[in-house]
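> missing the sequence, but the structure's below:
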């Protein structure tokens, strides 16, 4: 859809590309302790090993699946109706919320009453907003601290384990010496270097609860977004990624943004931030939330600024408060709030190379200077906490003074604000409000560790959520890569969620292609970080893909990768025939000599020479730097 | 040109895309101690700072330029003639070489006599091959160890300094407090973490000599490739990148490969490896070398294997020796030789996930097993040294047992071979033969440091030259990025040259677009490494680009980047008008509110509030983690 076409709610439809099945994949659900805990995963089937390599059966592997019902052929998808409210029952059962008679925010009511908006309004919401009963606190952190394991916590525990138990069982089922050997091989993994992370072999619901209770992880989970599938952000869990979407005053439409959301989750976006700054922000967000199975984040000050026609100094606590409530009742799961931009830090940015590059940060800086006082985000921070805990919206404490260039990295302004964010975290935690901390930005490789360490220290291990960081400024057009390098590095050091950067960074608004490029880059960076930390089971997918590669199972190699479509297209560019998909060669070396094929000859030869498999296996076992990922496989069922 | 079109030498022409001027750029030459030392660089002009930001003049910056005469509008380019032999005089002056009456290799003579090849043969070579006089050693290492500073060494010293003296002088020339302040700012740089590298403030010819003498750097520099512009590979110099090209038996043609070479150097390939394995390898290589201003590397065993119709076990020392001489007399600058694949290491690979993935490695493994003895590469290693020193071909000791999957990283086979490569390095150095060491492959982030440290230890700081490494196996189609992450990391730790990986890795033969994507990814990774090591002056380009970005000098931002074309295209996708190039906003935030613009308001406001520039500057100066890059600017002229 062109940005200039008029968006009409009645004719809105899901992007066909977002619901196309992924090759050889099947949506499965792992059931928890009650039938309505159904945790989605993607099962990727594999073909058998060719006879020349030993004719083994390769069990399917299970991968994390953010795509929600869109990838379920059983689901009826109509974006005009939105997704089913799968958490509704859990929320109701707790009995600590009430259904309101209508919207609490004045702006929300105005928009609802505006008939001119009927044509583009999301038509599918038939329930009223929900809020904590007076005096109640409905955050997952609050429950966790009272020792309650919620269905949401059990859901994420199952989700994080990726059905590894089943995979291990299938591997073992093949039986015999050969089967056991293959299983051992497929489950081996290099020990990680975790920099102090605590990574249990299997994630239990109790572990989830304890991590949420101590603030080391969050489950972004607004009670008004019951359509969302619970997920967790914390350094002791799989590294997550966020995709930013959103229209601007210059370009894009509601349909495009919904398409970007469904496209993002298809490729693995764990959360999506709607950063819209253009027209119809409220309505755009409604369409996104109602159709999103992943948590949605926003920067509420962006919308508040639109309400005062872009004049930062005209912002007031009342306008901001109304915006928070408006968005909380729509179901936004986390708010970026730049409450750490203090008056005393602002002059520290005057001699930076690129000043203040955070949009929220500069709005607040301008407000502070105009009013000669600390911002209402800071002075009303506890009032904000009251709103957050009434809906379970999580804080994403914004780094308004993040460096926008290598030059400005780790400067006094940035590190001063980080310390303040640590103080605000303590206040949020006093209210049992879930909190993550945003980080930079542009940081050269050698300064990333310091940044991570200071964050862990000042913010007491509250999850770090970083934008990249970009490790050089000199490659506009390739900043998904300059930042992917920094993202993998800081993820390794302990960052819990990586905010993607697209190739369009600094240059323009990303389109769907850019969104995909950004997501895949960040998925691989997050995975590189998980491998490096030694996240249990992280290497299973690498092992499976490499085995497929070695055995010339081309289709399996494509399907086990992050982007089967592109892998297949690239292969087919030079060898398009179907026969090439089973050929024991590729276009790099051609059919006459293939190093992978020769390796098999070497194996056969070695075996014939009496260098038997057992001896060779023994040798392999002695190699340092490998360990098994199987221990503890039975744990989480027992909790 | 389509791969199936017939290549005709008489109609061969340079790729128009390879000689198009880069925007706002000018080819300059910095002259050395004699008029024929003319070191090429690219000067990128900048526009003035807009009045609202202070109306400063921004002097041009100088960047490393691998593109040779192709980017010089004064040069007459005809790929049928080849490039001028700029080093001819230097080689002749040394008086230690002789011009041969004809080709020494039997295969070379056969090809020369084959009239069927006339049609596609390179027509422009009118000189005879050159070789060291009997008993002479013509390597740069040999000269260096005798205390001789060659013109080649002076050339690379000037080249590495990137005309920084001139840039600093231009910055200072603006004068006054404001000018001095700007100069201070543009020259500040974060201190690096160099892991034991020795990075002088300015590179002198004597420093180059001493590094080459102790084996810590090489200048690949075959006397039969006098067309090449000297460059240096060593951990104490700018991190270099290599681009692999080459046809295969399945696809590609001579014209395509020459186009890939000129395309590679345009975007920054420091060396190019011709890995052809298909038809007409000899003639393809001749076209590439005669037209290449950068050193060319090959893997001679590939061609030797073609000579025995792909049967590894039929390879002999005599065939290999003839191939080395054939290629040495064409002008290949470095040879990958897998002499470390010892018989005892081969069985260690039998239980790997992906066995032996190095093509050269598996050829030699197969040979070793077939003959039950060590390979002729190992047993004739000193004979090979004799050939290398007669032409100044450098060793690139191949890692035939590099890991092809995360699973196989840092295993006994790989690390055993690395130790043997260290022993072979000592032998090469005994002959004063320049040597670099090839490295992996697939290695997760947490194991890269160990790999680098062992290389430095075993190979006594001989330059490390790594392929990536890929930090995960799960992203076929994106392995330029999985490996770019590893490349930046290992470059930071001390790798001297990074061999690029394209998006087609594992899937197919890269086309021109893939080559560019691989090169830019590796240029930015190498630069991220230089910044992280604290390479003097590395941050100049980042500072300049970020200043342009902050001041909304859009064209300058594009032009200072690694890929001006893509940056401009991306920008124009959303805001195509020329007026947008001077607009103080972009499509991300739109015209109503821009965080960069607000920063200027903050500056003005801060100034008006009495938070003056001096005080702010003072604050800025106190910030830790910055240093000046100016010291020593005068040094190299004085040698």
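Thanks, I have it. For clarity, every value in this text was computed on a predicted model and none was experimentally measured. Numbering: from 1, shown residues only, chains lettered A, B, ... in the order given.

> What are the boundaries of the strands in the stretch 151-300 of chain A?
Secondary structure of the stretch 151-300 of chain A (DSSP state E, counting those that start in this stretch): strands at A:188-189, A:217-218, A:233-234, A:240-245, A:271-274, A:296-298.

> Could you do the stretch 301-450 of chain A as well?
Going by DSSP E, counting those that start in this stretch, the stretch 301-450 of chain A shows strands at A:334-337, A:394-397, A:435-439.

> follow-up on the earlier one: among the strands of the stretch 151-300 of chain A, which is nearest residue A:87?
For those, proximity to residue A:87 was assessed by CB to CB; strand A:296-298 is nearest, at 14.1 Å. Every C-beta, even on glycine, is put in place using the N, C-alpha and C of the backbone.

> That closest one packs against which elements?
strand A:271-274, helix A:281-290, strand A:334-337 (3 or more CB pairs under 8 Å, 6 or more residues apart in numbering or on different chains; DSSP states H and E).

> What strands line up against that strand, and which way round?
According to DSSP bridges, the neighbouring strands of strand A:296-298, each with its direction, are strand A:271-274 (parallel), strand A:334-337 (parallel).

> Which residues outside the last one are in contact with it?
For strand A:334-337, the external contacting residues (CB atoms under 8 Å, 6 or more residues apart in numbering or on different chains) are A:218, A:220, A:271, A:273, A:295, A:297-301, A:324, A:327, A:360, A:377, A:384, A:388, A:393-398, A:434, A:436, A:438.

> That one: how far from the chain's middle?
The chain centre lies 15 Å from the centre of strand A:334-337; the measure is CA atoms, centre = their mean, to the nearest Å.

> just stretch A:85-98 next, same as before
Averaged C-alpha coordinates place stretch A:85-98 at 24 Å from its chain's average position (CA atoms, centre = their mean).

> So which residues on the stretch 301-450 of chain A come close to chain B?
The interface of the stretch 301-450 of chain A toward chain B, taken as CB under 8 Å from any CB of the partner chain, is made up of A:305, A:309-310, A:312, A:346-359, A:361-363, A:365-366, A:369-370, A:404-407, A:409-412, A:442, A:444-447.

> Going through those, which ones are buried?
For these, a neighbour count by 16 or more other CB atoms under 10 Å in any protein chain shown gives the buried set as A:305, A:310, A:312, A:346-359, A:361-363, A:365-366, A:369, A:404-407, A:409-412, A:442, A:444-447.

> So for residue A:372, what's the pLDDT?
We note a pLDDT of 89 for residue A:372 in this prediction.

> List the single closest residue to it in space, sequence neighbours excluded.
Leaving out its chain neighbours, the residue that sits closest to residue A:372 by CB to CB, 6 or more residues apart in numbering or on different chains is residue A:343, at 7.6 Å.

> wait, doesn't the one you found sit right on residue A:367?
No: in terms of CB atoms under 8 Å, residue A:343 does not count as a neighbour of residue A:367; the distance is 10.0 Å.

> more neighbours, those two?
Using other CB atoms under 10 Å in any protein chain shown as the criterion, residue A:343 and residue A:367 rank with residue A:367 on top: 23 against 16.

> Pull up the per-residue confidence for the closest residue to that one other than its chain neighbours.
Counting by CB to CB, 6+ apart, the nearest residue to residue A:367 once its immediate chain neighbours are dropped is residue A:312, at 5.1 Å. Confidence per residue is given as pLDDT, and for residue A:312 that number is 92.

> Repeat that for the one 5 residues further on.
The predicted local confidence for residue A:317 comes out at a pLDDT of 98.

> contacting residues for it?
When the contact criterion is CB under 8 Å, 6+ apart, the partners of residue A:317 are A:376, A:379-380, A:383.

> Would you mind measuring from it to chain B?
With distances taken as CB to the nearest CB, to the nearest Å, residue A:317 is found 20 Å from chain B.

> Buried residues in stretch A:418-425, which are they?
Neighbour-count burial for stretch A:418-425, with 16+ other CB under 10 Å as criterion, is recorded at A:418, A:420-422, A:424-425.

> Now flag whichever of these is closest to chain B.
residue A:418 (14.3 Å; CB to the nearest CB).

> Go ahead and confirm that closest one touches residue A:453.
No: the pair residue A:418 / residue A:453 is not scored as a contact, 11.0 Å apart, by CB under 8 Å.

> And the residue of the stretch 301-450 of chain A found nearest chain B, how far from residue B:50?
Scanning the stretch 301-450 of chain A for proximity to chain B using CB to the nearest CB identifies residue A:355 as nearest, at 2.9 Å. Residue A:355 sits at a distance of 15 Å from residue B:50 (criterion: CB to CB, to the nearest Å).

> A strand includes residue A:43, no?
Yes: secondary structure of residue A:43 (DSSP: H, G, I helix; E, B strand; the rest coil): part of a strand.

> and it, how many neighbours?
Summarising burial for residue A:43: neighbours were counted as other CB under 10 Å, giving 18.

> Okay, and the beta partners of it?
residue A:26, residue A:62.

> that older thread, as JSON lines, the strands paired with strand A:296-298 with mean pLDDT and mean neighbour count would be great.
Putting those into JSON lines (pLDDT from 0 to 100; neighbours: other CB atoms under 10 Å in any protein chain shown) gives the following:
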{"stretch": "strand A:271-274", "mean pLDDT": "97", "mean neighbour count": "26"}
{"stretch": "strand A:334-337", "mean pLDDT": "98", "mean neighbour count": "26"}
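
> Rebuild those strands as JSON lines, extending it with distance to residue A:316.
As requested, these are exported to JSON lines (distance: least, CB to CB, whole Å):
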{"stretch": "strand A:271-274", "distance to residue A:316": "23"}
{"stretch": "strand A:334-337", "distance to residue A:316": "16"}
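
> tell me how far stretch A:222-235 is from the chain's mean position?
Centroid separation between stretch A:222-235 and its chain, computed with CA atoms, centre = their mean, is 11 Å.

> And that stretch, end to end?
By CA to CA, to the nearest Å, the extent of stretch A:222-235 from end to end equals 22 Å.

> Report the rounded mean pLDDT for it.
Predicted confidence along stretch A:222-235 averages 98 (mean pLDDT).

> Buried residues of that stretch, list them for me.
Buried residues in stretch A:222-235, counting neighbours by 16+ other CB under 10 Å, are found at A:222-235.
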